[in-house]
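1. with the sequence up front, the predicted model follows.
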Amino acid sequence: MNRIVSKFLLKLTFQSQLGITIALGIFMLALFSSIVGAWQGNKQVRKNLLEQGRHITESFARQSSLALIYASADNAAEAANATLAFPDVIGVEIHDANQHILLRRGNPDLAEFSIRLEPSGAVDDAGAKPVAVLDAESPNAWRFAAPVYSQPSNSPFHEEATPELLGHVTVVVSKAALTQVTTGIIVANLTTSFSFALLILLLIRFLSRRLTQPLNQLSASMGRAEAGESQVRAEMAGPKDIADMAHAFNSMMSVLEARAAEISQLNAGLELRVAERTEELAAANRELESFSYSVSHDLRTPLRAIDGFSGILLDDYADKLDEEGVRLLKVVRDNTVRMGQLIDDMLNFSRTGRLALTFSKIDMETLAHTVYDELQPFVSGANLHVEIESLPPAEGDSAMLRQVFVNLLSNAIKFSRAKETAEIKVGAFSAGNETVYYVKDNGAGFDMQYANKLFGVFQRLHGVTEFEGTGIGLAIVKRIVNRHGGRVWAEGEIGKGATFYFSIPRASQAQSEGDIQ
Amino acid sequence: MTNNNGIVEILLVEDNPTDAELAMRALKKSNLANNLVWVKDGADALDFLFGRGAYAGRDIGCTPRVILLDLRLPKVDGLEVLRTIKHDEHTKNIPVVVLTSSKEDRDITESYQLGVNSFISKPVEFNAFAKTVAELGMYWLLINRPPMQGK
C-alpha cells in the first residue's frame, strides 16, 4: 500500500503533491471542526431548549390548576393556546388525578415516545411547586410533565393547608429547532471551511506556480545546456532561492564555457604542435631515408671499381702473380661481392619502409603456394615436405606480403636443408581481432635466449660459412608486418627447428601508422 | 675517341671515370668500342648531340646508334638530358639506355615516362657488369634495327 502511494506520489509534480496534501488537510480540518462545533452547539441548544420546555410546562401547570379544580377544560383553553404559541411546542395535555385526559391540544401524538424516563407527576413535597421533568424522549421530540397542585390560597383559613395534587400536564416540544440549529452549524462550518480551503488552494497554486515556473525554466535551460547549446543562461526569476539557484547555474555555465574555450584552445595548440612535430619527424625520416639511400647508392660505384679492377688484375696480370697473390685478390673480390649484397639488402630494407602500401584482400593460401613454387629451384638437400594448410585471407599489400612469405619460406628451406627429412608447415590461427600466420620448420632452430636479435637489421645467429645470408630477411619481414599493424615473433630450439609467427589485423588500419616508419 | 670518318655508334654519358673505363673495357672486349664517344656530364652530352660548345661544327646529322646515359650527372642531370633528347625532333629517335647505379623506382618510372628505351642497373660485380654492358652493346648495335635516318 505504502509502495503504491509513494509510486503514485513520484509521478506527481511538486505542485500537485502540495495541492493534494493541503486540500486533504483542510477537508479533514473542516469536517472535524464542523462535527465538534455541531456537537457543542447541539449541547448548548439542547440545554436551552430543555430549560425552556421545563419553564413552559411549569407555567402551564400553574395555569391549569383552576381547570382541574372545576374539571372544566374551557378554563385551561387559553393557557393551552398560549403554551402552543411557543415556537417549538407541538402539543399539550391536561390529565386529572385519575389519569383522564381533560384537555388535549396540538399533535402530541406526532412523536412516538419509546423512552419513558420517569413516572410522571412527581410531587415536590418541599415546595409544592409544580416541577417539570423530562418525561419521555423520541428522536424528534421531548415530552415534559409537571404536576398540578391546588393553589395555596392567601386566606388566613387555609394557612396550614397542604397543596393537593390535582393532576398533571404534559407538553410535547419538537426537536426541530435543535436539528435545524445543528444542521445550520454544520453547513455554516463546512461552507466557511471549504471557502477557505478553496481560497488557500488558489493561493498555493499561485505560489507554487511562482515557485515551479522558474524551476521549470531552470530545468529547461539545463536541458538545453546538456543538449550542447552554447551561451545558455537561466532567467533570474521567482523566489530568492530559485533566483539564487539560477544565478549559481549561470555562474557554472560561464565557468564551464570558459573551461571549454580554454580546452579547445589548448587542443588547437596541441594539434598544431603535433602537426609540426609530425612534419618535422616525417622530414627527418625522409632525410634519413634519402641519406641511407644515397650512401648505399654511392657505395656501389667505388665497390664496382674495386671489383672491376681487381678482376682486370686477375685477367690481365694473372701470369705475373703467384698463387698467394691470386688467392688474396680473390678474397678482395669475394668481399666486394658480399658488400654489394649488404648494400643491396640495405636498399631493399630502406625501400620496404618508403614504398606506399596498397591495401587489398590477399588470398594468403594461394600466395604461399605461389611463393613456394617459385622457391623450388633453391631447394637442395634430400627430402622436403611442405604442408600449406588452409590460410584465411588478409587485408594487406600483396607485393609486401609476398616478400614476407619469400623471406620466411626461403629461411625455412635454408635452415632445414641439412636434415634428412625437412618438414615445413605453413599455417594460421585466429587470435583476438587479428590472424596469426606461421611458418614452421624442423631445421637448425635457434637459442630462445637470442630471440630478440632475430629481427634486427644484419643480425645473424649462424656463421656465414654455415648458412649464407646477410641477416636482412627477418628485419624486412618485421618492417612489413609492422607497417600492416601486426607483430612478429618466433619460437625455436637449437637443432629442433623454429616457428616464425606474424599477425595481420583483420581490418587493417596500418596505412597511416606505416607511413611514418 | 671518335674515329676519323665521324661515325659515332655509342655515346657514353658517365661522370665516373672508373665506371666509364670498365664499361669501355667491356665493350672493347666485344669489339663494340670502335666508334664510342665518352662525355663526362649532361651539358657535354647535349653539346655533343646539338653541335654546340666544344662540339660546334660537328655534323649533327650523324647521330649515335645508342646513348648510354648515367642518371647522376654534374651540371645537367641525366633525366634532364633524357627529357631534352626525347623532346627534340632531331634526337628523339635515338635509343637511350639508362645505365645507372640507381635502383630507385622513382628513377625507373620517370625514365620510362620520359621515353627511355631501356633501363639497366649496374651490377656491383664486375663480371656481371661487363656481361651486361657487352650484351646491351651487342643488342643495340647489332640486333636492334633503328629507323632510317632522315636529313
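-> Perfect, I can see it now.

2. does the helix or strand that A:Glu395 is a member of come close to chain B?
-> A:Glu395 is part of strand A:394-397 when elements are defined by DSSP states H and E. No - judged by CB under 8 Å from any CB of the partner chain, strand A:394-397 makes no contact with chain B; its nearest approach is 14.1 Å. Every C-beta, even on glycine, is put in place using the N, C-alpha and C of the backbone.

3. can you pull the buried residues of the following helix or strand past that strand?
-> Downstream of strand A:394-397, the first helix or strand assigned by DSSP H and E is helix A:398-416. Residues A:398, A:400-416 are the ones in helix A:398-416 that count as buried (16 or more other CB atoms under 10 Å in any protein chain shown).

4. pLDDT (mean, whole number) over the strand holding A:Glu395?
-> On average, the pLDDT along strand A:394-397 is 88.

5. direction included, what does it pair up with?
-> strand A:359-362 (antiparallel) (DSSP bridges).

6. now the angle from the following helix or strand past the partner strand to helix A:398-416?
-> Counting by DSSP H and E, the next helix or strand C-terminal to strand A:359-362 is helix A:364-375. Between helix A:364-375 and helix A:398-416, the angle comes out at 60 degrees (axes from the mean of the first three to the mean of the last three CA atoms, to 10 degrees).

7. contacts for helix A:364-375, please.
-> Helix A:364-375 is contacted by residues A:386, A:388, A:390-394, A:398, A:401-402, A:405-406, A:409-410, A:413, A:426, A:428, A:437 when judged by CB atoms under 8 Å, 6 or more residues apart in numbering or on different chains.

8. got it, and stretch B:26-40?
-> So stretch B:26-40 is contacted by B:1-3, B:7-15, B:17, B:20, B:24, B:45, B:47-48, B:64, B:74, B:129-131, B:133-134, B:137-138, B:141 (CB under 8 Å, 6+ apart).

9. show me which of those are buried.
-> B:8-15, B:20, B:24, B:45, B:47-48, B:64, B:129-130, B:133-134, B:137, B:141.

10. looking at those residues, which are in strands?
-> Among the buried ones among the contacts of stretch B:26-40, the members falling in strands (DSSP state E) are B:Ile10, B:Leu11, B:Leu12, B:Val13.

11. and chain A, which of the residues you listed reach it?
-> Among those, chain A is touched by none when using CB under 8 Å from any CB.

12. I'd like those laid out as TSV, including pLDDT.
-> TSV is the format used below for these (pLDDT from 0 to 100):
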residue	pLDDT
B:Ile10	90
B:Leu11	92
B:Leu12	93
B:Val13	93
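
13. of those residues, which is the nearest to A:Thr57?
-> Nearest to A:Thr57 among these, counting by CB to CB, is B:Val13 at 158.0 Å.

14. ranges for the strands of chain A?
-> Under DSSP E, chain A gives strands at A:89-96, A:101-106, A:115-116, A:133-138, A:141-149, A:165-174, A:359-362, A:383-388, A:394-397, A:421-431, A:434-441, A:488-493, A:497-505.

15. how many other residues sit next to the closest residue to B:Phe129 other than its chain neighbours?
-> Nearest residue to B:Phe129 in three dimensions, chain neighbours excluded: B:Pro123, at 4.8 Å (CB to CB, 6 or more residues apart in numbering or on different chains). Applying other CB atoms under 10 Å in any protein chain shown, we find 19 residues neighbouring B:Pro123.

16. pretty sure B:Pro123 contacts B:Glu135?
-> No - using CB atoms under 8 Å, B:Pro123 is not in contact with B:Glu135, being 11.7 Å away.

17. which residues of the chain score low on pLDDT?
-> In the absence of a named chain, chain A is used. A:1, A:108-130, A:151-163, A:381-382, A:464-465, A:508-517 (pLDDT under 70).

18. ah, I was thinking of chain B
-> Within chain B, the segments meeting pLDDT under 70 span B:1-6, B:148-151.

19. enumerate the residues of it near chain A.
-> B:16, B:18-19, B:22, B:25, B:101-105, B:122-127, B:129-130.

20. go again with 6 Å.
-> B:Asn16, B:Thr18, B:Leu22, B:Ser101, B:Val124, B:Glu125, B:Phe126 (CB under 6 Å from any CB of the partner chain).

21. list the contacts of A:Tyr450.
-> A:Leu461 (CB atoms under 6 Å, 6 or more residues apart in numbering or on different chains).

22. how near is the residue in the stretch 1-150 of chain A positioned nearest to chain B to A:Gly25?
-> Relative to chain B, the nearest point of the stretch 1-150 of chain A is A:Leu10 (73.1 Å; CB to the nearest CB). Note on A:Leu10: its distance to A:Gly25, by CB to CB, to the nearest Å, is 21 Å.

23. higher neighbour count, these two?
-> A:Gly25 (12 against 8).

24. residues contacting A:Lys440?
-> A:Lys425, A:Thr499.

25. if we go to 7 Å?
-> A:Ile424, A:Lys425, A:Gly497, A:Thr499 (CB atoms under 7 Å, 6 or more residues apart in numbering or on different chains).

26. over to A:Lys478?
-> A:Phe455, A:Val488.

27. can you tell me how far it is from B:Asn93?
-> 48 Å.
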